[in-house]
Structures are given as structure tokens and as C-alpha cells.
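Undergrad: predicted model and sequence follow; I will ask about them next.
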Amino acid sequence: MGIKDLLRFMKPHIEPIHIKKYAGKRVGIDAYSWLHKGAYSCSMELSLNMEGEKKLQYLNYFMHRINLLRHHKIIPVVVFDGGNIPCKAATENERHRRRKANRDLAMEKLKEGNFNAASELFQRAVSITPSTAHQLIQILRSENIEFVVSPYEADAQLAYLSSLEAEKGGVVAVISEDSDLLAYGCPAVVFKMDRYGSGEEIVQNKVFESASCVPSFQCFDKELFTGMCVLAGCDFLPSVPGIGITKAYSLVSKYRNLDRVLSVLKFEKRDQMPGDYSKLFREAVAVFQHARIYDADSKSLKHLKPLPEKLLQSLDEGLDFLGPEMPPSIAAAIAEGNLDPSTMEAFYHFPSSTTHLNPTTKNQTFDRFPRHEATAISTEECCFSVVSSHKVRKERTAVMGQKIVIEESKYSHEATELEKLVCPLNARSTDENETAIDKIHLKVPDNNPFRKRKLVEVELDQCENVTERVSEVTEVENSEILCVTPESQESVDSKPIIKRSDGKMRAKNEKLKRRNCQSSENKRSSILNFFSRV
DNA sequence: GCAAGGTCTAAAT
DNA sequence: TAGACCTTGC
């Protein structure tokens, strides 16, 4: 992922920072990097699409970080990945293949009764689907947090936002784990932000201006830097054998012209260099410079940087390598989170009153962007529902007679059985004939754990006496509390003080913890029993 | 000295 | 899985 060895190479230019330096500013967030991290804690539940609260734990993780930013008066702008661009297909296919292999293996281990091995493999198999992301979008909406779904790469969208003024929706920095952001020319990127807000920052201007740091980039500009990144190997194009980040840097700083670097490479690497490398190299550089992004102002697709006439002429096969063009209505529907960017299907959405529901219009597939329908989706006032239950998906497929969107349906039977075993009785529907719509509708009001938490925070604020430093998450009624108090900001080592009530609550928490441990153990034995029976 | 490949570890709770 | 670190071979 990202540019090979770039962060290691850039180490002298990395500065440790705390996120509070961006107080009062707008900061972009690469949603998928936090979604992936959050998904580790519930990878099996996500992979098997099991019912229950645990599956939504990744939302807790994400929102904890959002709340941390908000506590420091930072305005978060969350950016999601959209569709894949053609030149990333090889990388994506490989990732998909590996995840699938891990998931198949995990299922085998589970059937063998090897719970630990299965659990580890599920962590490797975890995949963030558009519908997983859509659950988060639903919460972001209800919490009034700005978000945008990029038409293609989130990195490109973040780079675009970084180039705008705050008044026009711009951000001053981006939080991500992906070194691609540097190749896209993001002016400031914060990597490895931890749960307390500490991270490592790279500021582009400082990189280009620093005279003392080695490697020096004083003779570089944005284009040369991007060229160096592509030469070292990126998701769009592997490097020529024998070329790593150090060689790439040497070549670019020596010749200071990407065409000249290509000529030298062609001469030096003759046999090892693929015949079409020069073409693919130019395309990869063009993706980093001119990717298609969504412009919220005009509500249409734009290029990260306008395409110069010279480049347009040199690209014989058009601009499809940047991802296909799409009409503004579709781009807007994707950006606003109403249309799945990879399947072009509308997410389930309901008007404010569910009495207007018409099941026949709930799940439209938009083949090649019918403009009028997409416009209706993008502008209609709606509240999002949850597309998460495999039961719902099964029914959805059966009712609509359309393609199965969620591939993991392969395991839906096993998941259903598992779910019966591991979910508490009161968390399951007792009415087997309950319709899919009822199930979805029932989920909507309870789906935002942060609403619940707010109530608890108020209760806690009313408790006068006890403020105590604790390092673990406090749980009340199975909902995580992480209320970072104002005074915590000044605490030692920037570690937040988590405010909680007195010993009574602590006793309750410990009881809950014991119960959770017990339920985890029960869950394990239930699964093992299930597989010993089948 | 460098690229490339291997191994280890943290990521979440 | 991806990054960090180490070893090997050119």
C-alpha cells in the first residue's frame, strides 16, 4: 500500500506533533484507514455478517477518534474511497484474492474448532465494503459531521480539499496512514495518529525548503517528487527491478527531469524494463496530478489539477485510466453517500415517513447512470437505513431478483446459525416472519451508539465528586464511554483523563467486564459446539 | 550501499 | 495486513 519505503526514507522530515495544533481548523480524514483499524476488533463479526452490537464496534473506534478531534476544537471532514481506477485493478484484485483465501481458511479453522486460528485469519480477511462505510455515514450525518465520498481515490479528494481555502470547504491537513497522500501533493499529512492525538507530521513546504535534512529536496518540485514516488513503486505501477526509493531519489535529483530519467532508465535497464513502462509511468504520474475528484461547489467531477493541452495530446487512449467520466447527478449521489460507488446501486433510504415506502423502488441498480433517477436520489430528503443483516440481504436479493451485492452471502447460512448461537436471545427477533423492512426500520433509531453516550455523558457530568485517571475504556450498559474531559487536555503526556462516576459505577463496570469475558467464553464454546454438530 | 525478500509485530478489545 | 527491522546477495 502506498509508496514503497517512502515513510522510512522521509524519516528525517517527520516531526512528532499533537493534533491539538490544528485547533479551530478543518482537518481531512482518510476514512478507510480508521475503518480498517477499527474493524480488527470485530473482524469475525464483520466477515460472518453476524447480528449484534459487537459487529458495530468499528464505529465506536471511529467515533472515539472523531470525538477526540472535536474535543480539541478541530473540524473533521471525513473522506471515503469511491470506485477503483483501472490502473489500480491489479493491486485491488490481489488484495481481494488474499482476503478471500484468508476467509476461506478461517471458515475451515472454525469448522475444525480452532477458534484462535480462525480469529486471526478473520483479521486478515476483514474488508471494508461500501455498506460497512455506509453505516458510518449514517452516524456522521446524525452527528452533523462533514463527509464526502470520493468518486475514485479518497487520497485524491483529500489532496483536492487541501488545495482549497477553508471558506470553500478546504482542509489544512490530512490524517491518514497512506503515504500516497505525499505523492498527491498534500501540503500537510499526519501519520500514525494514536488514540490520544499524538502523531507524526510531514509538511511539504518544509520538505522542499529544508537545507539541513538529508535527503534534501531543495531541487525538487511537486512533479519531481511525484515522479520519484512512482519510480519507487506505487499501487498503480510496480517499480523497475533494481529501483527502490533510494535509486529513484538519486535519479530524479540528478536529472531533475522525468523524461530524462525515463531515457536513462531505458538505457540502463534495457531488458528488465517492460516495453510499456514509459507510458504506464506517465499515466501513473498523471493520476497523482490530475485524478478525478468531486467538486462540491459545482456538484460535479473535476480534475485535481486541470489537464494541460500538451498532456491531453500525448495521451492517445483518452483519460479512462483516471476512471470513467460520470454525469454530475451520479457524482453528487456518490459524494453524498446515496449511491454505492462500486455497484452503482442506491443504498436503502427511506423518506422521513416510512408509510411512503414502496418496496419496488427501494433497490434500483443504475446501469450506466440514468440521470433522472440519480438526481432523485441525490436530492431527496432521506434518512439512511442499515444494510447490514445478511437476512435482509437474502430477502433483498430474492425480492428484487437482482444480482447479489454482498459476496459473503456464501456463508450466510453458517452465519445465521452462528448468530443464533452467539447472540443474546433478547437481541434477536422472535418473529421469524418479520419482514426485511421491519427489521431495517427497527434498527434505525438505535443505531447510533454516540447518541446513547451523550446521554451518559450528561449523567456523568452531574456526578460531582469523582474524577479519576483511568487508562481503560469504561462501559455502561454495554455502550462505551469515552468522554474526554476539558481538564484532560492538560494532563501529563497528553493522556486523556476519562471521567467516570464513583465506585458504584466501577463495581457495575467490573461486573459487566466479567459478564463480557463470560459471554466471550460462552460464544467460543457455542461456536465450537455448533461446528461439532455439523 | 542498495534492493529485495524474509520475519516479526502491532493494529482492536 | 502493513510497517519495521533484519539478512542476503548483487
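TA: That came through fine. Numbers count the residues shown, from 1 in each chain, chains lettered A, B, ... in the order given.
Undergrad: lowest-pLDDT helix or strand in chain A?
TA: Every helix and strand in chain A was compared by mean pLDDT, DSSP states H and E; the lowest is strand A:383-384, with a mean of 24.
Undergrad: which residues of the stretch 151-300 of chain A lie near DNA strand B?
TA: Within the stretch 151-300 of chain A, the positions lying close to DNA strand B (C-beta under 7 Å from any atom of the strand) are A:194-195, A:233, A:239, A:241-248, A:250. To be clear about C-beta, it is placed using only N, CA and C from the backbone, and glycine gets the same treatment.
Undergrad: so where is the stretch 1-150 of chain A shaky, pLDDT-wise?
TA: A:1 (pLDDT under 70).
Undergrad: contact residues of it facing DNA strand C?
TA: Checking the stretch 1-150 of chain A against DNA strand C by C-beta under 7 Å from any atom of the strand, the hits are A:1-2, A:7-8, A:95, A:98-99, A:102, A:124.
Undergrad: and what of chain A?
TA: A:1-2, A:7-8, A:95, A:98-99, A:102, A:124, A:177-179.
Undergrad: just the buried ones from those?
TA: Neighbour-count burial (16 or more other C-beta atoms under 10 Å) applied to these gives A:2, A:7, A:102, A:124, A:177-179.
Undergrad: in strands only, show me those.
TA: Residues of these located in strands (DSSP state E): none.
Undergrad: which two of those residues have the greatest separation?
TA: Using C-beta to C-beta, the pair of these lying farthest apart is A:Leu7 and A:Asn102, separated by 25.3 Å.
Undergrad: picking that back up, any quick ChimeraX command for the buried ones out of the residues of the stretch 151-300 of chain A next to DNA strand B?
TA: To isolate the buried subset of these in ChimeraX, counting by 16+ other C-beta under 10 Å, use the following:
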select /A:233,239,243,245,247,248
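Undergrad: can you lay out the residues of the stretch 151-300 of chain A next to DNA strand B as CSV showing secondary structure?
TA: Formatted as CSV, those follow (DSSP: H, G, I helix; E, B strand; the rest coil):
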residue, secondary structure
A:Asp194, coil
A:Arg195, coil
A:Gly233, coil
A:Ser239, coil
A:Pro241, coil
A:Gly242, coil
A:Ile243, coil
A:Gly244, coil
A:Ile245, helix
A:Thr246, helix
A:Lys247, helix
A:Ala248, helix
A:Ser250, helix
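Undergrad: now the residues of the stretch 151-300 of chain A next to DNA strand B as a markdown table including pLDDT?
TA: Compiled in a markdown table, those are given as follows (pLDDT from 0 to 100):
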| residue | pLDDT |
| --- | --- |
| A:Asp194 | 90 |
| A:Arg195 | 87 |
| A:Gly233 | 90 |
| A:Ser239 | 89 |
| A:Pro241 | 87 |
| A:Gly242 | 85 |
| A:Ile243 | 90 |
| A:Gly244 | 89 |
| A:Ile245 | 91 |
| A:Thr246 | 90 |
| A:Lys247 | 88 |
| A:Ala248 | 92 |
| A:Ser250 | 89 |
